[in-house]
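K.L.:
sharing a model that was predicted from the sequence below.
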Amino acid sequence: DTGVSQDPRHKITKRGQNVTFRCDPISEHNRLYWYRQTLGQGPEFLTYFQNEAQLEKSRLLSDRFSAERPKGSFSTLEIQRTEQGDSAMYLCASSFLGSLAPLHFGNGTRLTVT
Amino acid sequence: DAKTTQPNSMESNEEEPVHLPCNHSTISGTDYIHWYRQLPSQGPEYVIHGLTSNVNNRMASLAIAEDRKSSTLILHRATLRDAAVYYCILGNGNSGYALNFGKGTSLLVTP
């Protein structure tokens, strides 16, 4: 078990640019989640996948955000036309099936939009 | 969604027990109480969860009030490595498992 891996750890981009983050979950886990965390706040749910199907999306996930999980393995989160308000830590988590399966988080990708 | 209320911060001495409170007066019958913690510069980490009965694991104990309107996470002997933000979250797994973290309690452990 190598844990949840996220890449890159840090990303600095200029407003208006597109960015893409990658998450590699624990290999046996069926579910994959994306969260966003701003300074001083707890993580906020964005979306989750069960295998390759995206089953739930938060209202926080605007049209500029898109997430994919092809083949039910790794996932990508893309933000188009970034805004300064997108600056945050983006966290990925994975879990087994089951409503009580604990979430295993990665250490996140910190995005700074200048 | 049912919400939780936690103190913003708490302080403890090393090697002493720590009791972290959480109020959840609007909890529903199917809501489980989950605790996660987040160490500095890391993602959150699962600690424990329960429904009605008190629960113990290698990390902590969870004491749940009889009316389920409050709970307490107990760290039996705090270490410096326990300094983290502790989140108390309600979730029942219906339509997904979108845990809603609040601001949590920032625990400071002093030597």
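P.N.:
Looks like it arrived, so ask away.
K.L.:
what does chain A have sitting close to chain B?
P.N.:
Residues of chain A lying close to chain B by Cβ under 8 Å from any Cβ of the partner chain are A:4, A:31, A:33, A:35, A:40-45, A:48, A:55-56, A:58, A:91, A:93, A:95, A:98-108. Where you see a C-beta, it was placed from the backbone N, CA and C, and this is true even at glycine.
K.L.:
of these, select the buried ones using a PyMOL command.
P.N.:
To isolate the buried ones among the residues of chain A next to chain B in PyMOL, judged by 16 or more other Cβ atoms under 10 Å in any protein chain shown, type:
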select buried, chain A and resi 4+31+33+35+42+43+44+45+48+56+58+91+93+95+101+102+103+104+105+106+107+108
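K.L.:
point to the residue nearest the middle of chain A.
P.N.:
In chain A, the C-alpha nearest the mean C-alpha coordinate belongs to A:W34, at 3.2 Å (Cα atoms, centre = their mean).
K.L.:
so which of the residues of chain A next to chain B belong to strands?
P.N.:
Applying DSSP state E to the residues of chain A next to chain B, the entries found in strands are A:31, A:33, A:35, A:44-45, A:48, A:55-56, A:91, A:93, A:95, A:104-105.
K.L.:
report pLDDT for the nearest residue to B:A65 once chain neighbours are set aside.
P.N.:
Spatial nearest neighbour of B:A65, excluding adjacent residues (Cβ to Cβ, 6 or more residues apart in numbering or on different chains): B:S71 at 6.5 Å. The confidence metric pLDDT takes the value 97 at B:S71.
K.L.:
ok, B:A2 next?
P.N.:
B:A2 is assigned a pLDDT of 66 by the prediction.
K.L.:
returning to what we had before: what comes into contact with the helix or strand hosting the residue nearest to B:A65?
P.N.:
In the assignment (DSSP states H and E), B:S71 maps to strand B:70-75. Defining contact as Cβ atoms under 8 Å, 6 or more residues apart in numbering or on different chains, one finds that strand B:70-75 is touched by B:12, B:17-25, B:33, B:35, B:47-48, B:50, B:59-65, B:82, B:86, B:88.
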